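In: here is my input; please provide its structure:
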Amino acid sequence: MAVQSLRAIRRKIRAVRNLQKIMTAMKMVAAARLRRVQDRVTAGKPYTEKMRWLVETLAPHLPAIEHPLLQVRPVQRRGLVVVTGDKGLCGAYNNNIIRTAQVFMSQDGAAPFVLYCIGRKGYDFFARRGYQVARYRPQLSVTAPFAQFKAVAEDIVQWFVSGEVDEVHIAYGEFVNALVQRPKIVPLLPIKTDGAGDTGQGKQEAREYIFEPPAPELLALLLPRYVEHQVYHILLESLASENAARMNAMSQAADNAEELIKQLTLQANKVRQWNITKELLEITTAVEAMRRARD
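Out: Have a look, this model is predicted:
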């Protein structure tokens with residue numbers, strides 16, 4: 001019976017060690033993807049920030065013109081874009097975003113919400129619980145070209161411009177650093193110009209601008225591109241957050257596996273020692289019995 005127990009323990013050690021190898025490999029893959037996403041975020045950040053500054057600075061000074069992305073309507077239905085991952089094994093990353101979205105939608109007196117889910121985890125959760133999911137897209141990969149991110153932004157813009165929803169917010173995982181990721185909800189549409197011109201160095205002085213081309217043509221080009229890069233930056237941040245969370249989760253799991261291997265090895269050594277002691281006792285008993293028989 002003890003031999004069988006020793007075999008079972010050794011089998012467990014082999015299984016845990018194999019799992020540890022898989023977890024270590026997943027950690028390395030997540031780390032490589034995180035570096036790749038961080039490079040894309042770093043490369044596009046100056047353009048995104050300059051675009052935001054340009055819109056916030058110029059929009060309040062534009063003449064009273066109408067543009068669909070600036071149109072503020074009475075809120076009858078609110079759109080919420082929930083960005084999660086397609087896969088798990090990333091700790092509480094997906095659950096935190098879903099929980100934050102639920103709290104946001106449970107606000108008293110808020111208009112009904114319509115969901116746009118990006119990522120299978122969020123879609124599965126809300127669809128099974130009877131939420132109104134209007135649209136769904138799978139998660140974009142780390143290597144996806146900008147055209148795919150642009151298509152998502154255009155779909156969100158069409159969702160708003162068509163009148164299906166009167167405002168759009170995005171729930172995603174904000175990437176703070178490799179160890180900290182926070183669920184966050186930000187407004188996207190209509191584009192807000194409150195506090196425009198504040199670049200962190202105090203508000204700009206009121207200025208008169210001469211627009212060339214004319215302001216309506218400028219807005220028609222500038223505002224859609226502004227939304228595209230806002231969505232692009234948010235989706236890249238969510239990818240970075242997910243891979244960082246997966247890297248940390250796999251690192252912790254690998255450490256736990258190492259600790260479990262140590263405990264199982266100690267247990268196996270105790271069983272092996274018990275087996276050796278038992279065999280020595282049996283041999284000693286047999287020798288003593290033979291000696292007494294001769295005497």
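In: which stretches of the chain form helices?
Out: 2-58, 93-105, 120-128, 146-161, 215-294 (DSSP state H).
In: export the shortest one to CSV, keeping only CA atoms.
Out: As requested, the backbone C-alpha atoms of helix 120-128 are provided in CSV (Å, rounded to 0.1, in the frame of the first residue of the first chain):
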residue,chain,number,x,y,z
ARG,A,120,-15.7,36.7,-25.9
LYS,A,121,-15.5,36.8,-22.1
GLY,A,122,-17.6,39.9,-21.8
TYR,A,123,-20.1,38.7,-24.5
ASP,A,124,-20.6,35.3,-22.9
PHE,A,125,-21.2,36.9,-19.4
PHE,A,126,-23.7,39.5,-20.5
ALA,A,127,-25.5,37.4,-23.1
ARG,A,128,-26.2,34.6,-20.6
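In: what residues sit buried inside that helix?
Out: The neighbour-count check on helix 120-128 (16 or more other CB atoms under 10 Å) flags 120, 121, 122, 123, 124, 125, 126 as buried. Bear in mind the C-beta positions are built from the backbone N, C-alpha and C, glycine included.
In: next one: the fourth one
Out: In terms of neighbour count (16+ other CB under 10 Å), helix 146-161 has its buried residues at 149, 150, 152, 153, 156, 157, 159, 160.
In: tell me the one of the buried residues of helix 120-128 nearest residue 141?
Out: residue 120 (13.3 Å; CB to CB).
In: what residues are up against that closest one?
Out: Residue 120 sits next to 84, 85, 86, 87, 138, 139 when contact means CB atoms under 8 Å, 6 or more residues apart in numbering.
In: for residue 262, see how far away it is.
Out: Look at residue 120 and residue 262: by CB to CB, to the nearest Å, they are 37 Å apart.
In: re the thing from before, and the helices of the chain: which comes nearest residue 114?
Out: Checking the helices of the chain against residue 114 by CB to CB gives helix 146-161 as the closest, at 8.6 Å.
In: quick one: pLDDT of residue 205?
Out: In this prediction, residue 205 carries a pLDDT score of 52.
In: now residue 277
Out: pLDDT, read off for residue 277, is 85.
In: what's the spacing between the closest residue to residue 34 other than its chain neighbours and residue 233?
Out: Nearest non-adjacent residue to residue 34, counting by CB to CB, 6 or more residues apart in numbering: residue 243, 4.2 Å away. Note on residue 243: its distance to residue 233, by CB to CB, is 16 Å.
In: check contacts around the closest residue in space to residue 229 that isn't next to it in sequence.
Out: Of all residues not flanking residue 229 in the chain, residue 48 sits nearest, at 4.8 Å (CB to CB, 6+ apart). Counting by CB under 8 Å, 6+ apart, residue 48 touches 229, 230, 232, 233.
In: farthest pair within those?
Out: 230 and 232 (7.2 Å).
In: now do the shared contacts for the two.
Out: With CB under 8 Å, 6+ apart as the test, residue 230 and residue 232 both reach 48, 153.
In: if we can go back for a sec, so which of the buried residues of helix 146-161 comes closest to residue 186?
Out: Closest approach between these and residue 186, by CB to CB: residue 156, at 12.8 Å.
In: the closest one contacts residue 224, correct?
Out: No. Contact criterion CB atoms under 8 Å: residue 156 and residue 224 do not qualify, at 11.0 Å.
In: ok, back up a step: among the helices of the chain, which is nearest residue 172?
Out: Closest among the helices of the chain, using CB to CB: helix 215-294, at 4.3 Å.
In: chain center to that closest one, what's the gap?
Out: On the basis of CA atoms, centre = their mean, to the nearest Å, helix 215-294 sits 21 Å off its chain's mean C-alpha point.
In: output the contacting helices and strands for that helix.
Out: helix 2-58, strand 78-83, helix 93-105, helix 146-161, strand 167-175, strand 181-189 (3 or more CB pairs under 8 Å, 6 or more residues apart in numbering; DSSP states H and E).
In: CA-only coordinates of the shortest one, as PDB, when you get a sec.
Out: The C-alpha trace of strand 78-83 is given here as PDB (Å, rounded to 0.1, in the frame of the first residue of the first chain):
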ATOM      1  CA  ARG A  78     -26.900  54.700 -23.600                       C
ATOM      2  CA  GLY A  79     -24.300  52.700 -25.300                       C
ATOM      3  CA  LEU A  80     -21.500  50.900 -23.400                       C
ATOM      4  CA  VAL A  81     -18.600  49.300 -25.100                       C
ATOM      5  CA  VAL A  82     -17.100  46.500 -22.900                       C
ATOM      6  CA  VAL A  83     -13.600  45.500 -23.900                       C
END
